[in-house]
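predicted model, plus sequence, below.
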Amino acid sequence: MEQGTAEPQPETRVWLPAQAVSGGPAGVRDRAAGPGTGESGVRPSAPRPRRHSVRGQVLAALRRALTAGELLAGEIYSAPVLAERYGVSATPVREAMQQLAGEGAVEVVPNRGFRVCERSSRDLAELSEVRTMLELPAIVRLARAVPPERWEELRPLAEDGVAAAARGDRSGYAEADHAFHQALIALTGNRRLTQVTGDLLRRAQWAAGGAGRPGTAALLADASEHTALLDALLAQEHGVVERIARAHLSAARHRH
């Protein structure tokens, strides 16, 4: 963490750069907050929500690092080492890693840190099968119940996915993909279903590893299925909707 170089600021801020910091993935850095701060650059009297804000940004940075392949499957990472790379204390890193452990991205290794989970082809197939069992019937029901104009509200999310895919931005596409599917299933009004399907998608996204990750063409093909699905929903072509949704969910085992 840089000390003594930042100009005084009116309040503690957390900076999350778009690019990787030197020696590690995209990181988080505590910025000095002016008079009264400790050597860490964070005010001792900072309100509790600020720590949660740091943890949330660390969590987002770790998710990007995982989907971008900067944290490798099978490798063990300690919270203090990651904290140094991100320029924060170890506490928000541990908290973020615990949440990722709950999502199936990492597993706790006692006295050592967190190991990035590896996924087999069977894991991918099972995740895809369960997603299909849950999401496909929901999408088919929504196709008949939701007014066509509501589907146009999802268009910006689909376009965000296409833009990220065109850049070859795997982590950006993973977030856009997750946002699209969450917004789609949220139209059911079933919060539990939305939560469960979102968790399953995260687990599928964590499955990709290193050289086996999809390239730009595969990301674009996936993103185009989102726009094709919206077009079919708007046109109320129910048979086409079911066909596209089934193919999209079934093929997920090969893309993630």
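Structure's in. What do you need?

and the helices in the stretch 101-250 of the chain, which stretches?
For the stretch 101-250 of the chain, the helices defined by DSSP state H, counting those that start in this stretch cover 121-145, 148-151, 155-166, 170-186, 191-206, 216-234, 238-250.

quick one: residues contacting the residue nearest to the spatial centre of the chain.
Central residue of the chain (C-alpha atoms, centre = their mean): Glu175, 4.6 Å from the mean position. Neighbouring residues of Glu175 by C-beta atoms under 8 Å, 6 or more residues apart in numbering: 63-64, 164. For glycine as for every other residue, the C-beta is placed from the backbone atoms N, C-alpha and C.

same list (the residues you listed) but as TSV, adding pLDDT.
As requested, the contacts of Glu175 are arranged in TSV below (pLDDT from 0 to 100):
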residue	pLDDT
Arg63	88
Arg64	86
Ala164	94
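
which among the residues you listed count as buried?
63-64, 164 (16 or more other C-beta atoms under 10 Å).

nearest to Gly87, of those?
Arg64 (15.7 Å; C-beta to C-beta).

list the contacts of the closest residue to that closest one other than its chain neighbours.
Once flanking residues are discounted, Arg64 sits nearest to Ser171: 4.0 Å by C-beta to C-beta, 6 or more residues apart in numbering. Applying C-beta under 8 Å, 6+ apart, we find Ser171 in contact with 63-68.

and for Glu95?
Glu95 touches 55, 58, counting by C-beta under 8 Å, 6+ apart.

tell me the phi and psi of it?
Glu95 has phi and psi values of phi -60, psi -40 when expressed as degrees, to the nearest 10.

got a pLDDT number for it?
Per-residue confidence for Glu95 comes out at a pLDDT of 94.

how close does it get to Ala83?
11 Å (C-beta to C-beta, to the nearest Å).

identify the contacts common to these two.
Counting by C-beta under 8 Å, 6+ apart, nothing touches both Glu95 and Ala83.

low-confidence regions, the stretch 51-200 of the chain specifically.
51-52 (pLDDT under 70).

switch to 50 and redo it
The stretch 51-200 of the chain contains no residues with pLDDT under 50.

Gly87 versus Glu103, what's the distance?
From Glu103 to Gly87 the distance is 24 Å (C-beta to C-beta).

surely Leu71 is in contact with Phe114?
No: between Leu71 and Phe114 there is no contact under C-beta atoms under 8 Å: 9.2 Å.

looking at those two, which is more packed in?
Higher neighbour count among Leu71 and Phe114: Phe114, with 25 against 22, using other C-beta atoms under 10 Å.

hmm, the more buried one is touching Pro80, no?
No: Phe114 is beyond contact range of Pro80, at 11.8 Å (criterion: C-beta under 8 Å).

mind listing what's buried in stretch 231-243?
Buried-residue list, stretch 231-243, by 16+ other C-beta under 10 Å: 231-234, 240-242.

from the opening residue of that stretch to its closing one, how far?
For stretch 231-243, the first-to-last residue distance is 13 Å (C-alpha to C-alpha, to the nearest Å).

and what of stretch 105-122?
The first and last residues of stretch 105-122 sit 16 Å apart, counting by C-alpha to C-alpha.

contacts for that stretch?
63, 66, 71-79, 81, 97-98, 100-101, 104, 202-203, 206-209, 253.

now stretch 238-249
Against stretch 238-249 from outside (C-beta under 8 Å, 6+ apart): 128, 131-132, 135-136, 139-140, 143-144, 222, 225-226, 228-229, 232-233.
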